[in-house]
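1. I'll drop the sequence and a predicted model, then ask my questions.
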Amino acid sequence: MRTKSEIGTLEVTSVGTQFPAEVLEIARATAEAVDAEGRFPSETFEALKAHGLLSFLVPGVYGGAGGSLADAALHCQALGAACASSAMILAMHHIQVASLVRHSAANGWHADFLRHLQRDQLLLASVTSEEGVGGSIRTSSCALERDGDEFSVTKRGTAVSYGAAADALLLTARAHPAAQKVDQVMVVIDRSGLALERTSVWDAMGMRGTGTEAFVVTGRGSISQIVPAPFAEIAAATMTPVSHILWSAVWTGIAGDAVNRAWNFLRARRKPGETELPQGALILAEAVEVLQMAEARLRTAIAGFEWDSNAAPNFAGAAFDNGLKTSVSEACLHVAREAMTVCGFVGYARSGEFSVARHVRDLTSAPLMIANSRMRDGAARLLMAQRPQIGLGSV
């Protein structure tokens, strides 16, 4: 069970025995340096690897923990309260692992790769973005070139998070040079078959440790490294819904820590025996309401996700997934801003026990990670085709 604070389940300090407190302590201790220096949170990931947490979603048959998506979300929320960049990288890694486990684990090469991942605690990243496709991960310009049992590919990725630190990349491309842009495959390329040429530097307002840079990625390997399922299936059944669940877990963790800092600020200012509500208490109460509603929506999404089924959601289900991302991203940013209002200038400060400046900066990225306007446009089109999922028994 999660440790509860005095205001509910917003402050997560441990997640049973599966998420060691040591990892959270390291993440908290290094979060300011990761943000200030805009660097990869290496200390946190060494700790995650030491505890075998990068193979948390890998099934036991391959040596992993065989953990659930619900517990992975709890891990991401807990880490989000300590270091947002660390949590977002962990979430993105879990998304890649889930894609492999659900769509290629029975394949010989990929089964061996999952064992390798567990044994060496490999960090996975993705290259789904590309120049010239308008930000859509469901189209590709580059294509796999096949030569017998080997392939090669060159892709100009525009947003490759922590690519320089990853041990392997999951890259999307057209299945062959004559394929349509939407006829995509995903291929796993480890460091032995990779060359990266950095073409941009990450110096962002928030999520500064994620290192979301542009690279020219050149890869080669065996055609057995190609995930057997079409990327369209992977994206619809796994990558999109799991991304929105785990991203939302990270965001609620960040917002929860902001709320707890605001709560601590009000408690510290209140004099013994005082009965009047301190200034900012009503703002805090509203922020807690908004965050609890976001967490409730996230719990609904987790409960409705069927790990053992690779079936893609229907139109209404896909619209629900989009709505999870748009609603939680905006709610959590609102909550962090309200926490800053409660704390005033000590919240606005770059550091200190009541500072929520980093929280606001990190959460400002949330509505931008796949722009919410685009997500709502997609949801609106889906809902013109099928009745929305509403009602207490709908999910």
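-> It's in.

2. Now do the same for Leu324: its pLDDT.
-> Leu324 is assigned 97 on the pLDDT scale.

3. Check Thr240 too.
-> As predicted, Thr240 sits at a pLDDT of 96.

4. Can you verify my assumption that it contacts Leu324?
-> No. With contact defined as C-beta atoms under 8 Å, Thr240 does not count as touching Leu324 (10.2 Å). The way it works is simple: take the backbone N, C-alpha and C, and place the C-beta from them, glycine included.

5. burial of the residue nearest to Val58 when sequence neighbours are not counted, as a residue count?
-> Nearest residue to Val58 in three dimensions, chain neighbours excluded: Gly64, at 2.5 Å (C-beta to C-beta, 6 or more residues apart in numbering). For Gly64, the neighbour count with other C-beta atoms under 10 Å is 20.

6. Do I have it right that Gly64 meets Leu54?
-> No. With contact defined as C-beta under 8 Å, Gly64 does not reach Leu54; the gap is 9.2 Å.

7. residues shared between the contacts of the two?
-> Leu117 (C-beta atoms under 8 Å, 6 or more residues apart in numbering).

8. how about Pro388, secondary structure?
-> coil (DSSP: H, G, I helix; E, B strand; the rest coil).

9. Distance of it relative to Gly323?
-> 9 Å (C-beta to C-beta, to the nearest Å).

10. higher neighbour count, these two?
-> Neighbour comparison, Pro388 and Gly323: the larger count goes to Gly323, with 19 against 14 (by other C-beta under 10 Å).

11. Quick check: phi and psi on that one?
-> Note on Gly323: backbone dihedrals following degrees, to the nearest 10 are phi -70, psi -30.

12. re earlier: read off the pLDDT value for the residue nearest to Val58.
-> 96.

13. low pLDDT regions in the stretch 1-150 of the chain?
-> The stretch 1-150 of the chain contains residues with pLDDT under 70 at 1-18.

14. What segments of it are helices?
-> 21-37, 42-50, 69-82, 84-104, 108-120 (DSSP state H, counting those that start in this stretch).

15. Pipe the ones you listed into CSV and attach distance to Arg376 and mean neighbour count per row.
-> Formatted as CSV, the helices of the stretch 1-150 of the chain follow (distance: least, C-beta to C-beta, whole Å; neighbours: other C-beta atoms under 10 Å):
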stretch, distance to Arg376, mean neighbour count
helix 21-37, 30, 18
helix 42-50, 34, 19
helix 69-82, 23, 25
helix 84-104, 22, 26
helix 108-120, 35, 17
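
16. Which one, of these, ends up nearest to Gly344?
-> Between Gly344 and the helices of the stretch 1-150 of the chain, the tightest spacing by C-beta to C-beta is seen for helix 21-37, at 20.4 Å.

17. could I get that closest one in PDB with only the CA atoms?
-> Output of helix 21-37 as PDB, limited to C-alpha atoms (Å, rounded to 0.1, in the frame of the first residue of the first chain):
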ATOM      1  CA  ALA A  21      12.600   4.400  -0.500                       C
ATOM      2  CA  GLU A  22      16.300   4.600  -1.300                       C
ATOM      3  CA  VAL A  23      15.500   5.300  -4.900                       C
ATOM      4  CA  LEU A  24      13.200   8.200  -4.000                       C
ATOM      5  CA  GLU A  25      15.700   9.600  -1.600                       C
ATOM      6  CA  ILE A  26      18.400   9.700  -4.300                       C
ATOM      7  CA  ALA A  27      15.900  11.200  -6.800                       C
ATOM      8  CA  ARG A  28      14.900  14.000  -4.300                       C
ATOM      9  CA  ALA A  29      18.500  14.700  -3.400                       C
ATOM     10  CA  THR A  30      19.600  15.100  -7.000                       C
ATOM     11  CA  ALA A  31      16.500  16.700  -8.600                       C
ATOM     12  CA  GLU A  32      17.700  20.300  -8.300                       C
ATOM     13  CA  ALA A  33      21.000  19.500  -9.800                       C
ATOM     14  CA  VAL A  34      19.400  17.600 -12.700                       C
ATOM     15  CA  ASP A  35      17.200  20.500 -13.400                       C
ATOM     16  CA  ALA A  36      19.800  23.200 -13.000                       C
ATOM     17  CA  GLU A  37      22.400  21.400 -15.100                       C
END
